[in-house]
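**Q** 3D model of this:
(one chain, ligands or ions: 1)
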Amino acid sequence: MSAYGSFPGARPRRLRTTPAVRRMVAETRLHPADLILPAFVREGVSEPVPISAMPGVVQHTRDTLRKAAVEAREAGVAGIMLFGVPEEAKKDAQGTAGTDPDGILQVAIRDVRAEVGDDLVIMSDLCLDEYTDHGHCGVLDADGRVDNDATLERYAEMAQVQADAGVHMVGPSGMMDGQVGVIRDALDTIGKEDVSILAYTAKYSSAFYGPFREAVGSSLQGDRKTYQQDPANVRESLRELALDLDEGADIVMVKPAGPYLDVLAKIAESVDVPVAAYQISGEYAMIEAAAEKGWIDRDKAVLETLTGIKRAGADMILTYWATEVARTLR
Ligand code: PBG
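**A** Residues are numbered from 1 along each chain as shown. This next block holds a predicted model:
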């Protein structure tokens, strides 16, 4: 007894006494194979182009993309998610460059596949916003609204050209109703049963995509609120989840990651397929900017966010820091 009452019988601090003890009892361990590197490749450039709102991230040339893929593989990263940035003049209302077998994304898939083969999972963004002149993820109807079913036909074709180029896994990110099912059918029809679908299941209409728009040179007219989810909602994520699973999603994803850990935890609790989370451009930019000002410890902040995302239930994390973090984990 102290003069002030009883001493504590339970002392949780005991398991925090030394780095070795803390290491032993850590519940969540990041591993290089948890990480997937999103990468941009720009058509018609001979030098990589820096993205000002994402310090350290570039729009790759075909050559530097191959190198980035090799570096990712050497660091033990699990996969690379490719985004194509076409020449401005090739953008049109239908996003034609997205289904051109010689479009920049298809070329990049072939390049990376030739370079790393099956040693790195090659993934591709399956969406029209990189290729449309209006910047929307789908084609528009006569009234200027995103036309769901007409867009599905474009996605089916995109899936086929990406699969023909050698992608292992497609990532439909446009949030059109029925996209997973239509893409599954389109792939199966051409004998690509082995190409998997990473479904953007719960994708929120987020301010944190801002830097990405610069990354892919997209000037969006309007917003995406008629197809991406309202940040206020969680129940509709469970509905989207049920639909995606029913349509044949192999992996389901929550995006953004940090502000939606509750959604991630709920989804992870209720599925029997792997769950991914995407730490997006704005989440990256915030930490880089604060660190540049000397306001936070960058490396610790990066690891803490990734640990939190994994702890919440992600089996894999798309992050622009993938290669760097994988190296430090080795
Ligand atoms: C759509 C797509 C976006 C991102 C990935 N796929 C942009 C959007 O939905 O507006 C964002 C990724 C990021 O911000 O890092 N093709």
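
**Q** for the lowest-mean-pLDDT helix or strand in the chain, packing partners?
**A** Here the helix or strand of the chain ranked lowest by mean pLDDT, DSSP states H and E is helix 210-215, holding a mean of 90. With contacts defined as 3 or more CB pairs under 8 Å, 6 or more residues apart in numbering; DSSP states H and E, the packing partners of helix 210-215 are helix 281-292. Quick note: C-beta positions are derived from backbone N, CA and C, even for glycine.

**Q** quick check: angle from the helix or strand following the helix it packs on to helix 281-292?
**A** Moving toward the C-terminus from helix 281-292, the next helix or strand (DSSP states H and E) is helix 298-311. Interaxial angle, helix 298-311 versus helix 281-292 (axes from the mean of the first three to the mean of the last three CA atoms, to 10 degrees): 150 degrees.

**Q** Not counting helix 298-311 itself, show me its contacts.
**A** 27-28, 30, 34-35, 257-258, 261, 264, 277, 279, 283, 287-288, 290-291, 317, 319, 321, 325, 328 (CB atoms under 8 Å, 6 or more residues apart in numbering).

**Q** Just the buried positions in the least confident helix or strand of the chain, please.
**A** Neighbour counts over helix 210-215 (16 or more other CB atoms under 10 Å) mark 211-212, 214-215 as buried.

**Q** Wait, a strand at Phe83?
**A** Yes. Using DSSP: H, G, I helix; E, B strand; the rest coil, the assignment for Phe83 is a strand.

**Q** which residues does it bridge with?
**A** Phe40 (DSSP bridges).

**Q** Near Pro50, how many other residues are there?
**A** Using other CB atoms under 10 Å, Pro50 has 12 other residues around it.

**Q** From Asp244, how far off is the nearest residue to it once chain neighbours are set aside?
**A** Excluding the flanking residues, the one nearest Pro50 by CB to CB, 6 or more residues apart in numbering is Val58, at 5.4 Å. Separation of Val58 from Asp244 (CB to CB, to the nearest Å): 32 Å.

**Q** before we move on, what about Ala301?
**A** The value you get for Ala301 to Asp244, if CB to CB is used, is 32 Å.

**Q** In this protein, where's the longest helix?
**A** helix 148-165 (DSSP state H).

**Q** What is the subsequent helix or strand relative to that helix?
**A** Toward the C-terminus from helix 148-165 - assigned by DSSP H and E - lies strand 169-172.

**Q** So what touches that next one?
**A** 79, 81, 121-127, 155, 158-159, 162-163, 179-180, 183, 187, 195-200, 250-251, 253.

**Q** Just the pLDDT at Met1, thanks.
**A** Met1 is assigned a predicted lDDT (pLDDT) of 56.

**Q** for the one 4 residues further on, same thing?
**A** Gly5 is assigned a pLDDT of 82 by the prediction.

**Q** check contacts around the closest residue to Leu128 other than its chain neighbours.
**A** Counting by CB to CB, 6+ apart, Gly95 is the residue found nearest to Leu128 once chain neighbours are left out, at 3.8 Å. By CB under 8 Å, 6+ apart, the residues touching Gly95 are 128-132, 139, 154.

**Q** What distance do you get for Gly95 to Asp143?
**A** From Gly95 to Asp143 the distance is 19 Å (CB to CB).

**Q** check contacts around Met316.
**A** Here Met316 is in contact with 34-36, 78-79, 251, 274-277 (criterion: CB under 8 Å, 6+ apart).

**Q** no, scratch that, I was asking about Leu128
**A** Leu128 neighbours (CB under 8 Å, 6+ apart): 95, 98, 136-139, 151, 154-155, 158, 174.

**Q** Looking at the contacts of Met316, which are in strands?
**A** Residues of those located in strands (DSSP state E): 35-36, 79, 251, 275-277.
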